[in-house]
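1. how does the following fold in three dimensions:
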Amino acid sequence: MRSNGEELRKLEEEKGIVIRFVIGHGTTPGGILDRAIEAENVQYHDFMRLEHIEGYHELSAKTKIYFATAVSMWDAEYYVKVDDDVHVNLGALSTSLARHRAKPRVYIGCMKSGPVLAQKGVRYHEPEHWKFGEHGNKYFRHATGQLYALSHDLAIYISKNSEILHKYANEDVSLGAWFIGLDVEHVDDRRMCCGTSDCEWRLQAGHACIASFDWACSGICKSAERMRSIHQHCGEGDRALWSADF
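-> Numbering: from 1, shown residues only. This is a model prediction of the structure:
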């Protein structure tokens, strides 16, 4: 499933698509985690290292640093974030993004507005729930965190304003908050959040999913064991990417 360095270079040179595993550092600089990542990167050349200390409660900070770093490294039309336990069809993704190329500020993903969870101890608890009104209120529209894409101008906006962009408890909410007061077009693309039970028949019907995962796990459940099987059943095939004109 993992590409080698030569395949990555070909994808970048012929299609302009750059793929990296984005990761910061462990709490102990130069520790076992950092050394293991460096050794793996020597083999695959597909890591993008951030000046960031990894941690579940630091995802909003990591998101800011990712976009700021990516913009400094690549002048791209779109910058995409995808969780590593999500199956992605690159041809379908690239073709979809190309349709919005003429729009200056576009934010693309599966849009939602779930409840603001005020109760302590529950998953996705929002310590700043009071900012969103009375109990029972919902968040503003924002893309699910498994996969979303930002046009160039929005990534630049995050980079330039990183120091003053507020971080909420949940990364997807934080990103949506940064855009809610801007002149941004929200594109709700439901092919970016297919269920793994649906992606095969959608592919057979000629509508390949862009991203597939299990909602119950916020990704593919047991992804290390199941990713190859899902790719075999739901993958668009290499031809879809290499023959796409975008």
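
2. may I ask you to name the longest helix in this protein?
-> In the chain, taking DSSP state H as the definition, the longest helix is helix 59-73.

3. please enumerate residues in contact with that helix?
-> Contact with helix 59-73 is made by 22, 24, 48, 50-52, 54, 76, 79, 81, 145, 150, 152, 155-156, 158-159, 162, 165, 167-171, 174-175, as judged by CB atoms under 8 Å, 6 or more residues apart in numbering. Where C-beta positions appear, they are placed from N, C-alpha and C, glycine not excepted.

4. flag every buried residue along that helix.
-> Buried residues in helix 59-73, counted by 16 or more other CB atoms under 10 Å: 59-71.

5. of the residues you listed, which is the nearest to Gly136?
-> Proximity of those to Gly136 (CB to CB) peaks at Ser60, which lies at 24.0 Å.

6. and the closest one, what's its pLDDT?
-> For Ser60, the pLDDT comes out at 94.

7. just the CA trace of the strand with the most length in the chain, in CSV.
-> Ranked by residue count under DSSP state E, the longest strand found in the chain is strand 142-151. Extracted in CSV, the C-alpha atoms of strand 142-151 (Å, rounded to 0.1, in the frame of the first residue of the first chain):
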residue,chain,number,x,y,z
HIS,A,142,-17.5,22.9,9.5
ALA,A,143,-15.9,20.0,7.7
THR,A,144,-15.4,16.7,9.4
GLY,A,145,-11.8,16.2,10.5
GLN,A,146,-11.1,13.0,8.5
LEU,A,147,-10.5,14.8,5.3
TYR,A,148,-10.9,18.4,4.0
ALA,A,149,-9.2,20.7,1.5
LEU,A,150,-8.4,24.4,1.5
SER,A,151,-7.6,26.6,-1.5
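
8. what helices or strands is the following helix or strand past it leaning on?
-> Counting by DSSP states H and E, the next helix or strand C-terminal to strand 142-151 is helix 152-160. If you count contacts as 3 or more CB pairs under 8 Å, 6 or more residues apart in numbering; DSSP states H and E, helix 152-160 packs onto helix 59-73, strand 78-82, helix 171-179.
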